[in-house]
Each structure stands twice: as C-alpha cells, then as structure tokens.
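S.K.: Show me how the following folds:
(2 chains)
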Protein chains: 2
Amino acid sequence: MTGRLAVIGLGPGDARYVTPEASAALAAAAIVFGYAPYLDRVPVLPGQERRASDNRAELRRASEALEAAAEGGSVAVVSGGDPGVFAMAAAVCEAIESGPEAWRRVDLVIVPGVTAMLAVAASAGAPLGHDFCAMSLSDNLKPWATIERRLAAASSAGFAIALYNPVSRARPWQLREAFAILLRALSPETPVIFGRAAGRADASTRIVPLKAAAAEPADMATLVIVGSPETRLVLRPGLPPLVYTPRSAVAVTT
Amino acid sequence: MTGRLAVIGLGPGDARYVTPEASAALAAAAIVFGYAPYLDRVPVLPGQERRASDNRAELRRASEALEAAAEGGSVAVVSGGDPGVFAMAAAVCEAIESGPEAWRRVDLVIVPGVTAMLAVAASAGAPLGHDFCAMSLSDNLKPWATIERRLAAASSAGFAIALYNPVSRARPWQLREAFAILLRALSPETPVIFGRAAGRADASTRIVPLKAAAAEPADMATLVIVGSPETRLVLRPGLPPLVYTPRSAVAVTT
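M.R.: Numbering: from 1, shown residues only, chains lettered A, B, ... in the order given. Modelled structure (predicted):
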C-alpha cells in the first residue's frame, strides 16, 4: 500500500505567510519531517508525530519521509519559503530518482509558498519587477567557477539578481567576491538590498550602493538582491527609499 | 492627511493560496483597485468600495490608487501571484517616482504572494530547484533584441528559465522564436513545462522536450519553464513524470 508525501512551503517567516493550502496539508499529515527550526513554526496537532533533523541532512530526510510514505503513511516534509527554490522539493526528487521503485509510486504533492526573495523585494519596493535571476552562492554543491560565470552572465545581460545562501561560517569570502565580479558589469551606484529574517517580527532591510556592499554585514538569515542596470532608487521624506526595476527596459548593448 | 496603500498578492489562483497577511490587508481596505478578474477573486466586504480596471491600465490604476491614499484613504491594489513579479508593485513605484510629492508620503505596504512560476514548478516537481531566471517574453515594453540576448545568456550560463507572458493575441510568434534561440544552447531533449491556470481548479501541466515545444499550444494563462542542462526527467509508473533540477551542478564550460 502506498501513501502520500506532501512537501510543504511555510513561507518566509511568521504564520501570516502560511497559505490555507499549506495549513490543510499539514493538518492531514500523520508524520511531519523537517529541519528543527521549521518544525518549531508548525502548530502541534494531537497524535501527529514529528521528526526533526539537521539542516545539512536534506537527502536523508527526504529518504526517510519517502520510506514512511511508501509504507502507507500520510507524511509531510516542511520547508521554509517555497520548497522548490533551493529547498526540499529537489532533494525529494533526487531521492525518488535514485531510490527503490516503490518510492516512484508515492503520491507526491508539492505545496508552493512565498520564497524569501519575494518577501525581501516587497520590503524594499519592486526590485524584481522586471527580468531577474535567483542564484545560490553556496559552492558546497557546485564549483565556484560556475557561480562566477553565472554572476557575469546575469549582470551583463541586464537581470536583477537575488542571492540565496550568501554567507555561512564555512563560506566567509564568497559574497565579497561576488560583489567584485558584479562591479565589472554594473555601476558602483547600483542599489543592493540586504534583507534579514524576511517575514519575521525582527525583519530588517538595508539598501546600499554596490560599491559599499562588501562592507555590509550578512549572515545565513540574509538574502541579497542586486539591482539591474535599470533599477532605480526613489527617495521619500520621512520614509525609507524605494528600490524598483521598471516594467520597461532599453536595449542591452554589452 | 496621508493614508495607506497596500499592494497585495493574491497568489496564483484559488483562495487556498491567499496568505493570512493578504486577507488581513484586504479586510483593512476601504477601497480596492484591480484588474477585474483579480477583483472577482476577492470576497466582497460590506461598505468596501471596488474600482475595476482594464489589464493594460496598470500605470493609471497605480496613480488613481495613490491619489486616493494621498487623500487619507485606506486603499488596496490587488495583483495576481506576487505583486513584485511582472505586476503592480513596479507600476506603483513608477507612479510614485514621477508623480506629485504627496505620493512619496503615502504609507506603502507590499504584501508578497506565491508567484505563478512557483505553482507551476510545484505541479511538475522541482525544475527551479537550482539557479534559475524569470523573464517576461512581452516585447511591448522592451526591444525584442534584449529578450534574445537574455535568453541566450541565461541558457548558455546554465540557468533554468521561467517565461512569463509567453503569448498574447498581439504577440503570436515570440514563444516559438524563443524556443529556437534556446535550442542553440540546450539539448533538444531539455524538459519544457507548460503550466496553464496554475493554482486553479482547471489547472493543467504538460511536459514536452524542447525540440517539440514550438508545437504546444499556449495562451495568456500559460507559464512556461525551460530546464537547464542539468534538469532531469524521472518517469513514474501510473503517475506523471517528475521534472527537477538537482541541488548540485557541474562546471559550465561554454
């Protein structure tokens, strides 16, 4: 007998960003897997089992959840933000591809959520209002040369750029190096947004020009958005500036 | 006296994707502006005024909403998906930048939502599980040459690509031409996802190889996702295939 696995996006922080669809999928689960801080966000239901795991153990968590679902359980895996953006949905698909045949028969449902870059963009204006890309700055799972190539391609082609996983204790220099690469194609005045703890009560948004971005503090709870050549800064009396990328664009010549 | 303007993302379709934050912001508004089909999704509250407008009239809608807020009103503008992705938030920022000084004093709040590409990706697996970009294929507001340049840059640098506004009655050939450009850098077997009416009861997802994508029907309710060179197709007995982009990536050499 085959069960069901729901991979659920909790959105960027507080319960106010959890969609009704995500809440319903959570309520239907008998077992909920997840990285401990995400599990802590989920209301405890009577009789529901919880299995917390470490941040790094994505593939193992996916395999355990698939095993429980293949045995007939109603299983959920929770993810911060959207599960399809640098999160659990790809790990579950990887596990299905390389795992036992029974896992391919599991009724897999992925419930989308508000991913961090959308919450950070909303806090600053509309920096992702036109063509943009999203990249992970982690070189744990890809070569740094690939990241350099993508930063150069995206900035010179006129995309705004959202940087996930900009910094960790084991990766202290990558973000500074990324800004140096971006400065080759972009004006030093290009607006850069540092969004920390997006969607949470302690959320903060800072806006600095690209030339000063390397000196800004960032950590694992930070998401960075770098403007395109068209991104604009609008000053407002008594309010934080707005950063937005217009809906229209001119020709890219480089 | 200055009022408040909330630009609210309703998510990709049904009420089950409207976040509690969006519902609360809607309930607090005395006047709600929006493109008529989006307004139709919003529950009617007693005493709340509604002002529907045409799809094309984004800048005028933004200006009317800002005018009402500057006069002291509690105003909302609703947007499908996320307001910051090819939607109303950029139009509101444009109007603020070019409008009267009083509009800069309006208390502007942007409420993020689940944007269409996340719902379409979730319906197919995790095609946006690693680095990706989002582009509008509309050449109403930018030169077609800029779109060509960005398609070539994104595909050869290894990004998966989400295409918003792939087709309209006035733009019948652009999507076919985009696939032709992408075929220069990508394998003809690259998975392409056509997601229609994402998040609605009549949602559909079709997966075809890039070489056959030009023959697939698409309309204004379609969002297209083109895989990267690393995107994989996983066949499942009795279930639709999964499309996902692994969390790890190899070196890009082109």
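S.K.: Now do stretch A:11-18: distance from first to last residue.
M.R.: With Cα to Cα, to the nearest Å applied, stretch A:11-18 spans 6 Å between its terminal residues.
S.K.: tell me which residues of it are tucked away?
M.R.: Of the residues in stretch A:11-18, A:11, A:12, A:13, A:14, A:17, A:18 count as buried by neighbour count, 16 or more other Cβ atoms under 10 Å in any protein chain shown. The C-beta positions use only the backbone N, C-alpha and C, and glycine is treated the same way.
S.K.: List the contacts of stretch A:15-32.
M.R.: A:6, A:8-11, A:39, A:41-43, A:45, A:47-51, A:65, A:68, A:73-78, A:109, A:111, A:113-114, A:119, A:199, B:11, B:15-21, B:24, B:112, B:114 (Cβ atoms under 8 Å, 6 or more residues apart in numbering or on different chains).
S.K.: Show me how chain A divides into domains.
M.R.: A:4-111, A:116-244 (automatic domain parsing).
S.K.: Take the ones you listed and lay them out in a markdown table including distance to residue B:203 and mean pLDDT.
M.R.: A markdown table is the format used below for the domains of chain A (distance: least, Cβ to Cβ, whole Å; pLDDT from 0 to 100):
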| stretch | distance to residue B:203 | mean pLDDT |
| --- | --- | --- |
| domain A:4-111 | 13 | 95 |
| domain A:116-244 | 20 | 96 |
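S.K.: can you list those domains in CSV and add distance to residue B:231?
M.R.: Formatted as CSV, the domains of chain A follow (distance: least, Cβ to Cβ, whole Å):
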stretch, distance to residue B:231
domain A:4-111, 10
domain A:116-244, 14
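S.K.: how about those, which one is nearest residue B:211?
M.R.: Closest to residue B:211 of the domains of chain A is domain A:4-111 (Cβ to Cβ; 22.6 Å).
S.K.: Quick one: distance of the closest one to the chain centre.
M.R.: Between the centre of domain A:4-111 and the centre of its host chain there is 16 Å, according to Cα atoms, centre = their mean, to the nearest Å.
S.K.: now swap in stretch A:151-169 and tell me
M.R.: With Cα atoms, centre = their mean, you get 13 Å for stretch A:151-169.
S.K.: How about stretch A:183-198?
M.R.: 17 Å.
S.K.: and what of stretch A:118-134?
M.R.: With Cα atoms, centre = their mean, you get 13 Å for stretch A:118-134.
S.K.: you'd agree residue A:7 is up against residue A:107?
M.R.: No. Applying Cβ atoms under 8 Å, one finds residue A:7 not in contact with residue A:107, separated by 11.8 Å.
S.K.: and for these two, which residues touch both?
M.R.: By Cβ under 8 Å, 6+ apart, no residue touches both residue A:7 and residue A:107.
S.K.: right, so of the domains of chain A, which gets closest to residue B:221?
M.R.: Among these, domain A:4-111 sits nearest to residue B:221 (Cβ to Cβ), with 19.5 Å.
S.K.: Now do the end-to-end distance for the closest one.
M.R.: End to end - Cα to Cα - domain A:4-111 spans 13 Å.
S.K.: now the closest residue to residue A:101 other than its chain neighbours: how far from residue A:16?
M.R.: Excluding its sequence neighbours, the residue lying closest to residue A:101 (Cβ to Cβ, 6 or more residues apart in numbering or on different chains) is residue B:237, at 8.0 Å. According to Cβ to Cβ, to the nearest Å, residue B:237 and residue A:16 sit 40 Å apart.
S.K.: what does residue A:172 give?
M.R.: Taking Cβ to Cβ, one finds residue A:172 at 33 Å from residue A:16.
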